[in-house]
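*Asks:* Give me a 3D structure for the following:
(2 chains)
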Amino acid sequence: MTLVLEQLLNGLQLGVMLFLLAAGLTLIFGIMGIINLAHGALYMVGAYAGALTAKATGSFLLAVPAGLAAAGLTGIIIEYIVIRRLYDRDHLDQVLATYGLILFLNELVTILFGRQPLFVGVPPALSGAVEIIPGVPYSVYRLTIIAVGLMLALGLFLLITRTRLGMLIRAGATHREMVRALGVDIRLLYTLVFGLGALLAGFAGVMAGPLLSVQVGMGEQILIMTFVVVVVGGVGSIKGAFFGALIVGIVDTLLRAFMPVLMRGLVTNTSEADALSAGLSSMGVYVLMALVLLVRPQGLFAARG
Amino acid sequence: MERGNRSAALAIALALCVLAALPFAAAALGNPAMTTLATRILIYAIAAASLNLVLGYGGLVSFGHAAFFGIGGYTVGILFHHQRFNETLFGLMLGTDQFLITLPAAILVSGLFAAVIGALALRTAGVQFIMITLAFAQMLFFLFVALKRYGGDDGLIIRRRNSLLDFNMRDDTTFYFVTLVFVVLFFALIWRIVNSRFGLVLGGIRQSERRMAAIGISTYRYKLAAFIISGMGAGLAGALWANYARFVSPDMMHWTKSGELMVMVILGGAGTLLGPLFGSAALILLETVLAAYTERWQVFLGPILIVIILFFRGGLAGLVDLVRKRP
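*Replies:* All right, here's what the predicted structure looks like:
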């Protein structure tokens, strides 16, 4: 029972991270109509900037703004040079141009910092574990991620439902042409949305640093999961991104945790069972996505109709 | 129109002559590596051409075509594996290393996978279609990573190329010509398809599916048929690749491989007959040339790709047209 609770929290933590990326991705797609494969690269940039800053200064508090700044800056440059020219293109051109961006950014990071993964320690203030219920200790750092992530989700929700900017974002997601016709500076709105997405991705990258090894390719690993989230939740919907992220995060974590137990019961050869369960649990979220698309092609919480 | 056809025929004849003469030129230049490089280009040209059928002509952006490439390769690999260790497959049949059996088997199996995946995926459209094809490819990728029996992550080594009649398949030049025959046959097939009634409907679907439905065409069936043919083509390419490289691994189905195939189609010019061949040649040559200068060639490939997509719409085939149409 305690194991299940622990894994559920791990799933929640992964879900929250996925949400930070998916929120940006779904807004960028919903409002700007851009499929941005390079979103994972922004996460990687944030993680590298955070890890290098933490290493140089020894302070995780400085790593956060550094990661945000690096991701935000990269986002603005990318938007200005490439993305801006893709607004009127079809999905195919967008996929390929941003695929080119991935190749470039990944190699650039390899040239600058090498192939060796970077490791970041958990900040001392957040290290250790607390007992969430008597007898069940859980990592403080992971709890912090969950708390901060949920707070950001709430903030985003308020931004979108309660402010003028949020109103424009919602309007842009459903009636883009109308917003433009009413004289809103759509270009500025686009830049703001893209910048917001980049910041969220960069923040997720910094937070991921102490949990994963920071290396080239980390962006794509999470990017594909993020796409699953966006499609499951419904393209363009923040609510969809939130619930989609939690569902995907928890399903993935639970499968990874409990599939080996199940498989060892079915397959006698231990190493074969482990390989099989690793593969099958990696397939899990894609099966989930395929099922959702087949039942509700527009996703669980589609923004329009 | 007439002139366009004649010059196209001329271009094809010229391309064929160059391709047929290539191994001899390579031998004369004392550079046999050219032949294997050309074989690689030809195999990818088949894979790209099959993707082009759905992507270029049909407007269906499949982001998971590497799956069929991998399935074709694994069919050859698994049949060989069973023959070598004398095990039965599903308790029914022994493996084989006969090219004339493995190749149709690879095409058939990838066609079956394409039928299942296509039947489900084609219920969606747009971004959802891109993502669901990616999802299915990822599933197969992880499935083969999990299959320890067939090498898992490390892949499966095929000790010998499949045997075909009395040909010496170990010889790279012979294998090149075998590949070339399949390339010619496959491109001829694609040409027949796109110029048939079926091809016209497919083009119509790309331009406006709603209109095609309005004139009473069941678009789903056409799209599915195209998707299956396309999957079979990719499977053929995969089977050839397994023989060429004598190795198959889950990397053949990695999503970056699907990306590469898309790049080839776009680079060469989507929706043109020879575009995929140009695209395959361009990407593989570019890789080879850049890799000779620097290990980090992707840092150049990325921007080149972006520039081509942003500024040269229509790819290399479009560029040829542009030059030709100038007065």
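*Asks:* CA atoms for contacts and neighbours, from now on please.
*Replies:* OK.
*Asks:* Relative to chain B, how far out is residue A:207?
*Replies:* Note on residue A:207: its distance to chain B, by Cα to the nearest Cα, to the nearest Å, is 26 Å.
*Asks:* Could you give the secondary structure assignment for that residue?
*Replies:* In three-state terms, and counting by DSSP: H, G, I helix; E, B strand; the rest coil, residue A:207 is helix.
*Asks:* give me the number of residues near it?
*Replies:* When neighbours are defined as other Cα atoms under 10 Å in any protein chain shown, residue A:207 has 28 of them.
*Asks:* Does it touch residue A:145 like I think?
*Replies:* Yes - Residue A:207 lies in contact with residue A:145 (Cα atoms under 8 Å); the separation is 7.1 Å.
*Asks:* Whether the longest helix along chain A contacts chain B - can you check?
*Replies:* What stands out as the longest helix in chain A, according to DSSP state H, is helix A:2-32. No - Helix A:2-32 is not in contact with chain B by Cα under 8 Å from any Cα of the partner chain; minimum separation 9.7 Å.
*Asks:* Now do the helix or strand following that helix: which elements does it pack against?
*Replies:* Using DSSP states H and E, the next helix or strand after helix A:2-32 towards the C-terminus is helix A:39-57. If you count contacts as 3 or more Cα pairs under 8 Å, 6 or more residues apart in numbering or on different chains; DSSP states H and E, helix A:39-57 packs onto helix A:2-32, helix A:60-81, helix A:91-113, helix A:186-208, helix A:218-233.
*Asks:* Verify the stated contact: residue A:199 with residue A:68.
*Replies:* Yes - using Cα under 8 Å, residue A:199 is in contact with residue A:68, at 5.5 Å.
*Asks:* any low-confidence regions in chain A?
*Replies:* A:1, A:303-305 (pLDDT under 70).
*Asks:* Kindly report the residues of the stretch 101-250 of chain A close to chain B.
*Replies:* Checking the stretch 101-250 of chain A against chain B by Cα under 8 Å from any Cα, the hits are A:101-108, A:111, A:227-228, A:231.
*Asks:* I'd like those written out as TSV, with neighbour count added.
*Replies:* As requested, those are exported to TSV (neighbours: other Cα atoms under 10 Å in any protein chain shown):
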residue	neighbour count
A:101	25
A:102	26
A:103	21
A:104	24
A:105	23
A:106	23
A:107	23
A:108	17
A:111	13
A:227	27
A:228	28
A:231	31
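*Asks:* Contact partners for the closest residue to residue B:191 other than its chain neighbours?
*Replies:* Among residues not flanking residue B:191 along the chain, residue B:273 sits closest, at 6.7 Å (Cα to Cα, 6 or more residues apart in numbering or on different chains). Residue B:273 is in contact with B:49, B:187, B:190-191, counting by Cα atoms under 8 Å, 6 or more residues apart in numbering or on different chains.
*Asks:* which one of those has the most neighbours?
*Replies:* Compared across the contacts of residue B:273, residue B:49 has the highest neighbour count, 34 neighbours, by other Cα under 10 Å.
*Asks:* which ones are touching that residue?
*Replies:* B:187, B:190, B:233, B:265, B:273, B:275-277.
*Asks:* all strands of the stretch 1-150 of chain B, in order?
*Replies:* Per DSSP state E, counting those that start in this stretch, the stretch 1-150 of chain B carries strands over the ranges B:88-89, B:93-94.
*Asks:* What's the nearest residue in the stretch 151-300 of chain B when you look at chain A?
*Replies:* Chain A sits closest to residue B:299 of the stretch 151-300 of chain B, with a gap of 4.5 Å, by Cα to the nearest Cα.
*Asks:* again with the stretch 1-150 of chain B
*Replies:* Counting by Cα to the nearest Cα, the stretch 1-150 of chain B gets nearest chain A through residue B:146, at 4.4 Å.
*Asks:* count of neighbours near residue A:38?
*Replies:* Residue A:38, neighbours per other Cα under 10 Å, totals 24.
*Asks:* For it, give its distance to residue A:201.
*Replies:* If you measure residue A:38 against residue A:201 using Cα to Cα, to the nearest Å, the figure is 11 Å.
*Asks:* same deal with residue A:86?
*Replies:* For residue A:86 relative to residue A:201 (Cα to Cα), the value is 21 Å.
*Asks:* next one: residue A:153
*Replies:* 13 Å.
*Asks:* now residue B:41
*Replies:* Taking Cα to Cα, one finds residue B:41 at 38 Å from residue A:201.
*Asks:* now swap in residue A:68 and tell me
*Replies:* In terms of Cα to Cα, residue A:68 sits 8 Å off from residue A:201.
*Asks:* Break down chain B into its helices, ranges please.
*Replies:* B:2-28, B:33-52, B:66-85, B:99-121, B:126-146, B:172-194, B:197-207, B:209-214, B:219-245, B:255-268, B:275-293, B:298-311, B:315-325.
*Asks:* Which residues belonging to the longest helix of chain A are considered buried?
*Replies:* A:6-32 (16 or more other Cα atoms under 10 Å in any protein chain shown).
*Asks:* where does the stretch 101-250 of chain B have low pLDDT?
*Replies:* Looking at the stretch 101-250 of chain B by pLDDT under 70, you get B:169.
*Asks:* Nearest residue to the middle of chain B?
*Replies:* What sits nearest the mean C-alpha location of chain B, by Cα atoms, centre = their mean, is residue B:47, with 0.2 Å.
*Asks:* my guess is that residue contacts residue B:261, does it?
*Replies:* Yes - contact status for residue B:47 versus residue B:261: in contact at 7.2 Å, counting by Cα under 8 Å.
*Asks:* can you count the residues close to residue B:32?
*Replies:* Residue B:32: 17 neighbours (other Cα under 10 Å).
*Asks:* contacting residues for it?
*Replies:* With contacts defined as Cα under 8 Å, 6+ apart, residue B:32 is in contact with B:23, B:26.
*Asks:* related to what we said a few turns ago, which residue sits closest to the residue of the stretch 151-300 of chain B closest to chain A, ignoring its sequence neighbours?
*Replies:* In space, residue B:299 is closest to residue A:104, 4.5 Å off (Cα to Cα, 6+ apart).
*Asks:* my read: residue B:236 touches residue B:107, true?
*Replies:* Yes - between residue B:236 and residue B:107 there is a contact under Cα under 8 Å: 5.4 Å.
*Asks:* between those two, what contacts are shared?
*Replies:* In contact with both residue B:236 and residue B:107: residue B:72, using Cα under 8 Å, 6+ apart.
*Asks:* Tell me the residues of the stretch 101-250 of chain B that contact chain A?
*Replies:* So the stretch 101-250 of chain B meets chain A at B:120-121, B:123-124, B:126-128, B:131-132, B:135-136, B:138-139, B:142-148, B:152 (Cα under 8 Å from any Cα).
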